[in-house]
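Undergrad: Just to be clear, the model below is a prediction. Sequence and coordinates:
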Amino acid sequence: MKSLSKEFFNRNTVKVAKDLLGKIIEYDNVSGMIVETEAYRGYPDEASHAAKRTPRSAIMFDTHGFFYVYFVYGNYFCLNMTCEDGRPGAVLVRALEPLTGIGAMAKRRGIRAGNKKELTQKQLVSLANGPGKLCQALGITKALNNTAVGDKMKVYGGGMKQFRITCATRVGIKKAVQLKWRFYIKDNLFVSGN
DNA sequence: TCTCAGATCGTCT
DNA sequence: GACGATCTGAGAT
C-alpha cells in the first residue's frame, strides 16, 4: 500500500487532521487506524509548540509531510505530522485502533492476556488510546523525528469513519482546559476553521 | 541552573 | 473522578 503523498499534508492543518481519521499507520510490523487527532497551527494557540520557533519545533515551520516526534514528561513520546507551507502546523495523533501486530503492541505496553489468553476489549482499547500509549505500542522513538512520512513509517488511506476530533487552535490546550472546553470538544465534533 | 511539561498510571475517596 | 508521583529533556534565564 502506497503512503500518503507529501502534498496531502500541504493543506490547512485542520483539514489534514480531519482527513487523517480512518487512515492506517504502519510501522515496525504493527499497524493501527487513526481514531483521534488534534491540529496545532501556531499563534494564537499558545500551548502549541508551533506558537514559537525553537530548534526543536523548527520542523513545524519549515516542512510538511514530516514526522515531528517529541519527548514529554520524561516518559513518553508524541507523534505529529507537519503540515502546510506558509505557517507552522502539525497534527498530533492522539489515538489508534490496533489492527495488526497486537501481540507485539501488548508486549511493548506491558499488557498481559488473562486466563483466556486473549486480550479483553478493555485491554485492546488501552493499547493505543493516548498519544504516549500509541508511541509505546508502535515502538516510536525520536529516531522517527524529522523523517518524511512514508520513509520509515507508512500512512495510507483507509475508509473514512466518523470519529472524534479535538482541535484547540483558537485558545490553546491550557486555556481550553481552564475554560472546560476540553470536555465540550471531546464529546462533540469541534473544528476551528481559523 | 532552574522550571516545567500537548501523558500515564496507581491510589484514594 | 480526583489527585499525586513519575523523572528526562527542552527552553528560559
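TA: Done, it's in. Numbers count the residues shown, from 1 in each chain, chains lettered A, B, ... in the order given.
Undergrad: next structured bit after the helix or strand hosting A:Arg108?
TA: In the assignment (DSSP states H and E), A:Arg108 maps to helix A:102-109. Sequence-wise, the next helix or strand downstream of helix A:102-109 (DSSP H and E) is helix A:121-125.
Undergrad: Buried residues, that next one. List them.
TA: A:123-124 (16 or more other Cβ atoms under 10 Å). C-beta here means a position set from N, CA and C on the backbone, and glycine is covered the same way.
Undergrad: Now do the next helix or strand after that helix: everything it contacts.
TA: Tracing the chain C-terminally past helix A:121-125 and defining elements by DSSP H and E, one meets helix A:131-138 next. Residues outside helix A:131-138 that contact it (Cβ atoms under 8 Å, 6 or more residues apart in numbering): A:25, A:27-28, A:30, A:32, A:69, A:72-73, A:75-79, A:92-96, A:98, A:105, A:108-109, A:126-128, A:140-141.
Undergrad: Can you select the buried ones among the residues you listed for me in ChimeraX?
TA: Per 16+ other Cβ under 10 Å, the buried members of these correspond to this ChimeraX selection:
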select /A:25,27,30,32,69,76,77,78,79,92,93,94,95,96,98,105,108,109,126,127,128,140
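Undergrad: Residues of chain A that sit close to DNA strand C?
TA: Contacts of chain A with DNA strand C, taken as Cβ under 7 Å from any atom of the strand, map to A:49, A:52, A:54-57, A:70-71, A:73-75.
Undergrad: Buried only: go through those for me.
TA: Using 16+ other Cβ under 10 Å, the buried ones in the residues of chain A next to DNA strand C are A:49, A:57, A:70.
Undergrad: Quick one: the helices in chain A, in order.
TA: A:13-20, A:58-62, A:102-109, A:121-125, A:131-138, A:172-178, A:181-187 (DSSP state H).
Undergrad: Reformat these as CSV; add mean pLDDT.
TA: Formatted as CSV, the helices of chain A follow (pLDDT from 0 to 100):
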stretch, mean pLDDT
helix A:13-20, 86
helix A:58-62, 92
helix A:102-109, 91
helix A:121-125, 84
helix A:131-138, 93
helix A:172-178, 42
helix A:181-187, 33
